[in-house]
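Student: no letters, just coordinates:
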């Protein structure tokens, strides 16, 4: 009997202690426990590399562990829904890229207005040809396509993906028809150009930089509003310099890599995460990282990032719809076309 | 003369790299890495790709040299390790060992598990060394060849692989091989296809957009039927008492010297083609061994060459797969793609200039492959004895453990619970197919090749506006086309008649 009483007392004390400790923990500001980041694509890819790099820097600043896991599949929807279904408290974060702009039309996860964005950086788009190709400038390529519609082959990483859309935007802006050949990722698309199965490739500068440096490929134009200096080659002008009408499309759709959190995560949590995110981007290690990835820093979060994301989502969604790939129409989702 | 000079240069660089590797720290690290690799290979569901992916993250803080020791060790170990499980319990530990099941397990059933194991180990060793030598000396040539593989060539290669289905037929009805192969091809069609981005056979399930994954399916079609069958029967049929090596390895190697060279070449060639990989290399070598063997019909009942061929080829494919990786920055197989990610993480961008700016990198990779294969041999020796004695454990204890490991392996593949559901559903199908004596092998082959054949065929047509002529108008594509036609004819009676006609004349 006595023993039981004693046990009961001990038990109650322990419970009380746990409660007190719990309150103390709860009172501590975000973050007071490990943050889980779910990366919505496989190991070794661009999103994975960026998110792991930033997480390693941010975890020092936030003073908690940031645990990265890969959850690929369903066009990013597997990772997206994992984070969406977890408590919206900032302890479960999505490692994402511009592919998330297609969440709505692909019907795999909520649309951009339901998320917060932390846009770190990305690699600019380029159109490149083989060094032995007769096309010296983008105008040569466009002219050839004008003479032979549907004969100039441009490879890309897959239909309805960013680099495919960039090449389509170029064609429609200048009024010529390229033949877009989709491959399973940028790697095979570039390989196809190296083996001269296609005439040109549309991909990111980071993906071709080594081939340009060795003189195997020649960049013709950046599918962006800004140009880029290529090592061992020189400055490559943006397509908007040749065809100004591309400005609207190109300025509102580009590669980005970073984090996403549901929009209703408490404001102070978003701010704390955002500050650490900004610090990680300013770290000299990130400068080095951006250089080896041949990317550019963007560094947007908060209201600005949300504005950019909603514009980008509009361009991406309507493009996907025009290609006949949208499972849900942009109108259905309430996404207005960009003016 | 300059050829001889460069040969000597490469050789001396390679020797220097190999010798400078010889420090206690490196040896211990390589030993541990190969051991871990073999463990990844042995465990169903965990593959070389996952092993490299995992250790890429874990070696982030290490120096590049150390990380490379670990990653290559894991790669070589895992590709070999799959054969142990394939031989002992008829479940391929990795996809690349699926072909090894066909003759490895029957050998084990006959009480020759030690023979099969040592053959697998020696073949893997020879294969790795062979791949390493070609990688060391012929990288520029092989790179040129790899770039000759455009969509039509890849299409014919895939068709050639699919045709193997017909030769792995069930004992009672040859057509059963084709039926299983077609089920596999159909399963390979599931998911978002590469050309139009359209979803096929997904029934609106978003988890199926990326297709039916290959690794969980090896568990569903090899693992589950084996587990259920063993649970139903009273005892494992393996006679573990005769677990001594009873064959003369050297005479077997001598007898098959040219065969081994050919299987190794198949492995390297297929490994070097971007996007194909170790799995298919093993199948093609197995088929080659069967075709050329005097006692063809005995394949599937435990023929030594049936173990040697796939194990030589899948390990030789490692050397093949890193050829385009180092010379162009294009990975030749899925594990090599992981290796590419690891290199990038260490700030090294593989590309055409890598081997020019860092001339040491090819000899360095080759030296590591050499040491990895030496440790493969040693670790294999250490690990197989206890593995064989595991079979003496009562199956009441063993089978549930294997079942749990299978489930864990499937989950570890992508952390996706949906894959467990897939394994359960297809495992039931696999069990009944197995009961009706359909071989799982052609089904798995169809699954790997279905999407590859489909997308490369349609891409080739798309490139040339539907003109079929472009499928065979290049020298290499024509050779592959001819090989496919000959294979089909050899499976019918036409070839027999043709042969007769010539003999009469």
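Tutor: Noted; the coordinates are in hand. Everything quoted here is computed from the prediction, not taken from an experiment.
Student: and the residue nearest the centre of chain A, its phi and psi?
Tutor: The structure's chain A has its C-alpha centroid closest to residue A:97; by C-alpha atoms, centre = their mean the separation is 1.9 Å. Main-chain dihedrals, residue A:97, degrees, to the nearest 10: phi -140, psi -170.
Student: and it, bridged to which residues?
Tutor: Beta-bridge pairing for residue A:97 (DSSP bridges): residue A:257.
Student: so it sits right up against residue A:41, yeah?
Tutor: Yes. Judged on C-beta atoms under 8 Å, residue A:97 makes contact with residue A:41 at a distance of 7.2 Å. C-beta coordinates here come from the backbone N, C-alpha and C atoms, glycine included.
Student: need the overlap of contacts for the two.
Tutor: A:47, A:76 (C-beta atoms under 8 Å, 6 or more residues apart in numbering or on different chains).
Student: thinking again about what came up before, please tell me how far the residue nearest to the centre of chain A sits from chain B.
Tutor: Using C-beta to the nearest C-beta, to the nearest Å, we find residue A:97 at a distance of 15 Å from chain B.
Student: ok, that residue - contacts?
Tutor: Counting by C-beta under 8 Å, 6+ apart, residue A:97 has contacts A:40-41, A:46-47, A:76, A:122, A:255-258.
Student: adding pLDDT and neighbour count, write those out as JSON lines.
Tutor: Output for those, formatted as JSON lines (pLDDT from 0 to 100; neighbours: other C-beta atoms under 10 Å in any protein chain shown):
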{"residue": "A:40", "pLDDT": "92", "neighbour count": "31"}
{"residue": "A:41", "pLDDT": "87", "neighbour count": "23"}
{"residue": "A:46", "pLDDT": "83", "neighbour count": "21"}
{"residue": "A:47", "pLDDT": "89", "neighbour count": "26"}
{"residue": "A:76", "pLDDT": "90", "neighbour count": "28"}
{"residue": "A:122", "pLDDT": "93", "neighbour count": "26"}
{"residue": "A:255", "pLDDT": "95", "neighbour count": "25"}
{"residue": "A:256", "pLDDT": "96", "neighbour count": "29"}
{"residue": "A:257", "pLDDT": "95", "neighbour count": "28"}
{"residue": "A:258", "pLDDT": "96", "neighbour count": "27"}
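Student: show me chain A divided up by domain.
Tutor: Segmentation of chain A into domains, based on automatic domain parsing, reads A:1-30, A:35-122+A:255-333, A:125-251.
Student: wait, which of the ones you listed is closest to residue B:309?
Tutor: Closest of the domains of chain A to residue B:309 is domain A:125-251, at 28.7 Å (criterion: C-beta to C-beta).
Student: excluding its backbone neighbours, what's nearest the residue in the stretch 151-300 of chain A that chain B sits nearest to?
Tutor: Closest residue of the stretch 151-300 of chain A to chain B, C-beta to the nearest C-beta: residue A:210 (2.5 Å). Closest residue to residue A:210 apart from its sequence neighbours, by C-beta to C-beta, 6 or more residues apart in numbering or on different chains: residue B:351 at 2.5 Å.
Student: around chain A, pick out the residues from the stretch 401-505 of chain B.
Tutor: For the stretch 401-505 of chain B, the residues in contact with chain A (C-beta under 8 Å from any C-beta of the partner chain) are B:414-416, B:455, B:459, B:462-463, B:465.
Student: among those residues, which lie within helices?
Tutor: Assigned to helices by DSSP state H, the following of those qualify: B:414, B:455, B:459, B:462-463.
Student: tell me the secondary structure at the residue in the stretch 51-200 of chain B that chain A sits nearest to.
Tutor: Nearest residue of the stretch 51-200 of chain B to chain A: residue B:197, at 3.7 Å (C-beta to the nearest C-beta). State at residue B:197, reduced to three classes by DSSP: H, G, I helix; E, B strand; the rest coil: coil.
Student: contacting residues for it?
Tutor: A:158-160, A:182, A:323, A:325.
Student: and with 6 Å instead?
Tutor: Counting by C-beta atoms under 6 Å, 6 or more residues apart in numbering or on different chains, residue B:197 makes contact with A:159-160, A:325.
Student: look up phi and psi at residue B:300.
Tutor: The phi/psi pair for residue B:300 (degrees, to the nearest 10) is phi 100, psi -10.
Student: which helix or strand contains the residue nearest to it when sequence neighbours are not counted?
Tutor: Nearest non-adjacent residue to residue B:300, counting by C-beta to C-beta, 6+ apart: residue B:102, 5.6 Å away. Residue B:102 is part of helix B:98-109, with elements assigned from DSSP states H and E.
Student: and for that helix, what's in contact with it?
Tutor: B:83, B:86-88, B:90, B:92, B:116, B:237-238, B:282-283, B:286, B:300-303, B:306-307, B:310, B:441, B:444.
Student: and those, which are buried?
Tutor: Listed as buried from these are B:83, B:86-88, B:90, B:92, B:116, B:238, B:282-283, B:286, B:300, B:302-303, B:306-307, B:310, B:441, B:444; burial here means 16 or more other C-beta atoms under 10 Å in any protein chain shown.
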